[in-house]
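Engineer: Quick one, what's the 3D model for this:
(one chain, ligands or ions: 2)
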Amino acid sequence: MYQKRVKMGIFNEAQKYIVGGVNSPVRAFKSVGGEPPFIEKGEGAYIFDIEGNKYLDYIQSWGPLIFGHCDKDTQNAIIEAVKKGVSFGAPTKVEVELAKEVLELFPHLNLIRFVNSGTEATMSAIRLARGYTGKDDIIKFEGCYHGHSDSLLVSAGSGAATFGVPSSPGVPADFTKHTLLAKYNDIESVKKCFESGDVGCVIIEPIAGNMSLVPGEKEFLGELREICNHYGAVLIFDEVMSGFRASLRGSFDIYGIKADIVTFGKVIGGGMPVGAFAGKKEIMEKLSPVGPVYQAGTLSGNPVAMSAGLTVIKKLKENPEIYKELEDKAKKLMEGFSETSKENNIDFNYNVIGSMFGFFFNKKLPKNFDEVNESDTKRYAKFHNNMLKSGFYFAPSAYETGFICTPMNEKDIENTITTYSKIVKEI
Ligand SMILES: Cc1ncc(COP(=O)(O)O)c(C=O)c1O
Ligand SMILES: N[C@H](C=O)CCC(=O)O
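Structural biologist: Ligands and ions are numbered 1, 2, ... in the order given. All right, here's what the predicted structure looks like:
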């Protein structure tokens, strides 16, 4: 496992050329301290850094790699696609195949558009919803993260929460005055927003994975659907993270609630840069070139990314039993952590949904962002450092979700629990 971190100075070197040494803030380890390992390769459940250290990887590229690193089927699909050419900027058959495979799963989603990231998917979905309803105001929820587009970077979770800049400088107040903020799992706060603005759309992570893991309550999400119907607002479920992760059909399998638009990313691209948004025909047909709402992308529907995504989605559809297996492993991990914490008088609470897990050093199980913020993030930092030193790679922020992949076995989970019981006195 972990040997030692030889100081190669690559992080210093990186900071000379790349802002903060990283290309996405949370990777810089600022909230947990220390230096990020630079990763050389992955293999199944494990990653290896450039100093030869091996880590059991509970991040899995922030969710996409449900079959772990270097899954042979995904790799082969990518290799075969690359052999034919990496990009054409023209339609390809594989886009149609992936679209069919995805839409087949959701009776309420008729058309899809592929983009290159989750950020693009949510940003475009919002534009479409505004174009469709003709109303500018949107409701978003505190602690939910939908990528970094201007109107959604308000009281956001994930890296924005980690770095204490939930509403970013550089976003003009004029751009965010149409973003109304509601409290997660609190329908009264939603009603107030509807009464105070001209709301055309509501965007939510039905299973919030960017303030650690906080699931929406079924009754709350049902009421949200009703209130959107009442006001003629478009309901967008952001399932960039939970899609094909929480279960095969994401929140739809769990709550049975039909959003008007659903955004996808991560798993749908098998680790390649992909996002997508899908919705009801009458809404999606407002999108260019059929309708007037403009949206485009030079590399959108990239054949290499589509081939990776197609392979992963087909594999998941053929093996739906894996979700139960992944959930059992996640539960085992969290129960083990919980018992150890209890024995050591440490406040600990957790959530598990499918292959996703989130835990809080907190007396109670949080239901919204305010309650998440009551968690002990200093203790999380110590947890993170000690586990990393022992060869276990957890998210470098208390505001992120953890992921189980299929190559993780019982022994991996047991080793993680045993290691936690060894380091628990240090936190
Ligand atoms: C729920 C959710 N929406 C949107 C995004 C943005 O996706 P991306 O980082 O691919 O732009 C993320 C992750 O970052 C996410 O977790
Ligand atoms: N929470 C984010 C994605 O889900 C973390 C990834 C990133 O911002 O780099």
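Engineer: okay but residue 184 is in contact with residue 367, surely?
Structural biologist: Yes. Counting by C-beta atoms under 8 Å, a contact exists between residue 184 and residue 367, whose distance comes to 7.1 Å. Every C-beta, even on glycine, is put in place using the N, C-alpha and C of the backbone.
Engineer: joint contacts of these two?
Structural biologist: Shared contacts of residue 184 and residue 367, defined by C-beta atoms under 8 Å, 6 or more residues apart in numbering, comprise residue 214.
Engineer: buried stuff in the lengthiest helix in the chain?
Structural biologist: With DSSP state H applied, the helix covering the greatest number of residues in the chain is identified as helix 322-343. Neighbour counts using 16 or more other C-beta atoms under 10 Å place 322-323, 326-327, 329-330, 332-334, 336-338, 340-341 of helix 322-343 among the buried residues.
Engineer: of all those residues, which comes closest to residue 97?
Structural biologist: When the buried residues of helix 322-343 are compared for distance to residue 97 (C-beta to C-beta), residue 322 wins out at 21.5 Å.
Engineer: So for the closest one, what's the pLDDT?
Structural biologist: Model confidence at residue 322, expressed as pLDDT, equals 98.
Engineer: Just the pLDDT at residue 81, thanks.
Structural biologist: pLDDT for residue 81: 98.
Engineer: how many neighbours does whatever residue of the stretch 51-200 of the chain ends up closest to ligand 2 have?
Structural biologist: Using C-beta to the nearest ligand atom, the point where the stretch 51-200 of the chain gets nearest to ligand 2 is residue 158, with a distance of 3.5 Å. Here the neighbour count serves as a burial measure; for residue 158 (other C-beta atoms under 10 Å) it reads 27.
Engineer: re the thing from before, so between residue 184 and residue 367, which is more surrounded?
Structural biologist: Counting neighbours by other C-beta under 10 Å for residue 184 and for residue 367 shows that residue 184 has the greater number, 27 against 17.
Engineer: first vs last residue of stretch 279-293, how far apart are they?
Structural biologist: Taking C-alpha to C-alpha, to the nearest Å as the measure, stretch 279-293 stretches 14 Å from start to finish.
Engineer: Same question for stretch 47-66.
Structural biologist: From the first residue to the last, stretch 47-66 extends over 14 Å; the measure is C-alpha to C-alpha.
Engineer: Does that stretch reach ligand 1?
Structural biologist: No. Using C-beta under 6 Å from any ligand atom as the criterion, no contacts between stretch 47-66 and ligand 1 are found, and the smallest distance is 6.5 Å.
Engineer: got it, and stretch 349-359?
Structural biologist: No. Interface with ligand 1: stretch 349-359 contributes nothing (C-beta under 6 Å from any ligand atom), its closest point being 10.7 Å away.
Engineer: Surely residue 45 is in contact with residue 408?
Structural biologist: Yes. With contact defined as C-beta under 8 Å, residue 45 reaches residue 408; the gap is 4.3 Å.
Engineer: Average pLDDT for stretch 408-425, rounded please.
Structural biologist: Along stretch 408-425, the predicted confidence averages to a pLDDT of 98.
Engineer: Same check on stretch 329-336?
Structural biologist: The average pLDDT for stretch 329-336 rounds to 98.
Engineer: same question, stretch 57-77
Structural biologist: Predicted confidence along stretch 57-77 averages 98 (mean pLDDT).
Engineer: sorry, back to before: would you format the buried residues of helix 322-343 as JSON lines with distance to residue 309 included?
Structural biologist: Written out in JSON lines, the entries for the buried residues of helix 322-343 read as follows (distance: C-beta to C-beta, whole Å):
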{"residue": "322", "distance to residue 309": "17"}
{"residue": "323", "distance to residue 309": "18"}
{"residue": "326", "distance to residue 309": "19"}
{"residue": "327", "distance to residue 309": "23"}
{"residue": "329", "distance to residue 309": "24"}
{"residue": "330", "distance to residue 309": "23"}
{"residue": "332", "distance to residue 309": "29"}
{"residue": "333", "distance to residue 309": "27"}
{"residue": "334", "distance to residue 309": "29"}
{"residue": "336", "distance to residue 309": "33"}
{"residue": "337", "distance to residue 309": "33"}
{"residue": "338", "distance to residue 309": "35"}
{"residue": "340", "distance to residue 309": "38"}
{"residue": "341", "distance to residue 309": "38"}
